[in-house]
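Trainee: Requesting a structural model of the entry that follows:
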Amino acid sequence: MSTPVIQNFLFSINSDHHTGCWIVRLFELQAIKPALSRRIIYCLLLSPVFALTEISTYESTDIVKVSLPSELQDMIIERMLDLDNAYLLLASLVCRDWRYYSYQQVFSSICFDSHSIPVFASFLDNPFSRTAIFPRVRRLRILGNGKAFLWTSTLLIDLVKLLHHLVQIGRISDLVLDNLTWAVLDPALAPILTDFLSIERLSMRRICFAQLGQFSDFVAGFRLMRSFDLENIECPPLVGWNHPLPSLAPYELGHCVSLERSNATSSAKLTWVYPKCISREERTVSSIHGAQTFCNSPTSSDLLRSLGPLLARLHIISENITADEDIASLDISMNSSIRHLHLSSPTRVLSMISWLPPLLARVKGSNLKTLHMSFAQSRQFHLDRPFLKHIAGILDKPQYQGLEMIEFIASFASCGRLEDDVKQDIISCIRSCLPYWERKGILAFNFD
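Mentor: Take a look at the predicted model:
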């Protein structure tokens with residue numbers, strides 16, 4: 001291919017800001033002239049940002065101005081860092097713009113723990129690192145070790161300095177607290193954390209509070225909060241508090257609350273998502289619900305009953321057949337507003353026989369829109385046909401007539417990836433057992 005053809009191709013890249021179009025064009029060229037396409041890609045990667053690229057042929061040498069779209073630069077850097085974070089140094093040395101993109105990818109989310117805090121604290125004294133790293137942080141995770149005495153005074157002093165600096169920048173929107181005790185959070189950290197006026201999402205996991213009031217006051221202190229993830233929050237119950245809790249104000253988009261229960265590890269996760277900032281009272285009520293997610297709680301039914309009509313999404317995972325009796329006894333009769341129900345088992349559909357029917361029988365109201373059932377793939381799926389027909393009989397009840405999707409999710413098991421004909425047999429078996437829903441066109445299948 002002659003040099004003018006190369007020039008035309010590169011100029012078309014420079015003038016076309018739609019990344020997908022010229023990538024397709026490059027693949028078309030690769031099919032015709034693979035050696036030439038490799039040379040062009042090599043030139044683009046060597047000089048990615050509005051640089052002068054020199055392409056030589058046997059006839060002549062021409063200098064062509066090439067502009068690589070910023071979207072593709074982000075894709076290249078993101079892919080490099082996914083492969084190996086060691087590529088960060090190489091990417092940051094390409095040019096000033098690539099250094100900016102690299103830091104944006106790496107430092108948008110950082111974690112402070114006993115090992116990283118001294119390192120990040122040293123960056124505060126470096127004018128280059130101070131301005132290059134901290135203004136790009138959007139998600140901050142503080143990871144403890146569950147033991148207050150292991151936090152030395154020096155470590156806490158450095159952490160306080162880092163938090164003060166990030167508060168002044170005011171760009172963090174996502175805060176994650178993991179495996180901490182209140183003795184560490186207060187009084188050194190709690191007042192600083194609630195000074196983050198930009199935080200909209202708070203995730204707390206494995207946190208130990210001495211009193212429920214400490215937990216609720218801490219959560220209520222985040223004024224712009226719209227989303228909570230609360231898991232395994234340990235604190236004593238509020239003295240004199242009885243059900244029901246004060247009601248939360250209705251919103252146009254409604255409350256989205258999800259509970260994830262895994263009886264193998266006895267963990268519960270509660271997620272609240274609001275369409276806008278909520279009041280201090282509503283943040284307090286949300287925290288009281290979250291205080292019931294402690295892993296040593298005897299049952300999740302209390303939490304489910306206290307949520308009542310607020311519960312919109314329920315995900316139950318059975319990881320141990322010995323715990324199926326506990327799942328079968330879950331009381332969801334008060335959760336009349338459930339819209340999305342996801343039931344999972346690590347083995348075959350038939351393994352849900354002890355808990356899925358009684359659980360489905362307790363669904364109240366007619367708000368359920370999607371039903372998801374996850375199970376392991378099997379070459380003997382036809383053996384589950386009687387159980388599937390039994391499920392079809394349960395779904396004939398009035399509370400399921402509003403369903404818009406019934407999804408069967410078949411995950412990989414020890415047998416490995418199944419052949420396409422076996423997958424088709426699974427789909428045909430389910431369709432034949434649920435003919436009414438097949439005619440309605442709401443059955444969905446996913447092999448992940």
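
Trainee: quick one: the helices in the stretch 1-150 of the chain?
Mentor: Taking DSSP state H, counting those that start in this stretch as the test, the helices found in the stretch 1-150 of the chain are 3-15, 19-32, 34-46, 70-83, 87-92, 96-106, 116-123, 127-133.

Trainee: scratch that, the stretch 251-400 of the chain is what I was asking about
Mentor: 280-290, 301-307, 324-328, 356-361, 385-394.

Trainee: Could you check how many residues crowd around Thr293?
Mentor: Residues lying near Thr293 (other C-beta atoms under 10 Å) number 23. Backbone N, C-alpha and C define where each C-beta goes, glycine included.

Trainee: shouldn't it be in contact with Asp229?
Mentor: No: taking C-beta atoms under 8 Å as the definition, Thr293 is not a contact partner of Asp229, at 10.2 Å.

Trainee: which residues are in contact with both of the two?
Mentor: Taking C-beta atoms under 8 Å, 6 or more residues apart in numbering as the criterion, Thr293 and Asp229 both touch 269-270.

Trainee: Next one, pLDDT for Ser258 please.
Mentor: Ser258 is assigned a pLDDT of 62 by the prediction.

Trainee: Now do the nearest residue to Asp113 once chain neighbours are set aside against Gln168, distance only.
Mentor: Using C-beta to C-beta, 6 or more residues apart in numbering and skipping residues adjacent in sequence, the residue nearest Asp113 is Leu143, 4.2 Å away. Distance, Leu143 to Gln168, using C-beta to C-beta, to the nearest Å: 23 Å.

Trainee: Give me the pLDDT value at the closest residue to Pro309 other than its chain neighbours.
Mentor: The shortest distance from Pro309 to any non-neighbouring residue, by C-beta to C-beta, 6+ apart, is to Ser337 (4.3 Å). With respect to pLDDT, Ser337 has a value of 85.

Trainee: ok, now Tyr42?
Mentor: Reading off the model, Tyr42 has pLDDT 48.

Trainee: again with the one 5 residues further on
Mentor: Reading off the confidence values, Ser47 has pLDDT 46.

Trainee: just Pro191 next, same as before
Mentor: Predicted confidence (pLDDT) for Pro191: 91.

Trainee: hey, C-alpha coordinates of the strand or helix carrying it in CSV?
Mentor: Secondary structure from DSSP states H and E places Pro191 in helix 190-193. The C-alpha coordinates for helix 190-193 follow below in CSV (Å, rounded to 0.1, in the frame of the first residue of the first chain):
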residue,chain,number,x,y,z
ALA,A,190,-15.8,10.3,63.5
PRO,A,191,-16.0,14.2,63.6
ILE,A,192,-13.7,14.4,60.6
LEU,A,193,-15.5,11.8,58.6
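
Trainee: Buried ones in that helix, by neighbour count?
Mentor: 190, 192-193 (16 or more other C-beta atoms under 10 Å).

Trainee: just stretch 102-117 next, same as before
Mentor: For stretch 102-117, by 16+ other C-beta under 10 Å, it's 102-103, 105-107, 110, 112, 117.

Trainee: and that stretch, average pLDDT?
Mentor: 89.

Trainee: Low-confidence stretches in the stretch 251-400 of the chain?
Mentor: Residue ranges of the stretch 251-400 of the chain with pLDDT under 70: 251-267, 295-299, 320-323.

Trainee: go with 80
Mentor: 251-268, 275-276, 292, 294-303, 306, 319-326, 346-351, 376-383 (pLDDT under 80).

Trainee: ok, which stretches of it are strands?
Mentor: Secondary structure of the stretch 251-400 of the chain by DSSP state E, counting those that start in this stretch: the strands cover 256-262, 267-273, 313-317, 340-344, 370-376.

Trainee: Show me what the second one packs onto, helices and strands only.
Mentor: The criterion is 3 or more C-beta pairs under 8 Å, 6 or more residues apart in numbering; DSSP states H and E, and the helices and strands that strand 267-273 contacts are strand 227-234, strand 256-262, helix 280-290.

Trainee: and with 6 Å instead?
Mentor: Here strand 267-273 touches strand 227-234, strand 256-262, going by 3 or more C-beta pairs under 6 Å, 6 or more residues apart in numbering; DSSP states H and E.

Trainee: What strands line up against that strand, and which way round?
Mentor: Strands that pair with strand 267-273, judged by DSSP bridges, come out as strand 227-234 (antiparallel), strand 256-262 (antiparallel).

Trainee: Specify the angle between it and strand 313-317 in degrees.
Mentor: 160 degrees (axes from the mean of the first three to the mean of the last three C-alpha atoms, to 10 degrees).
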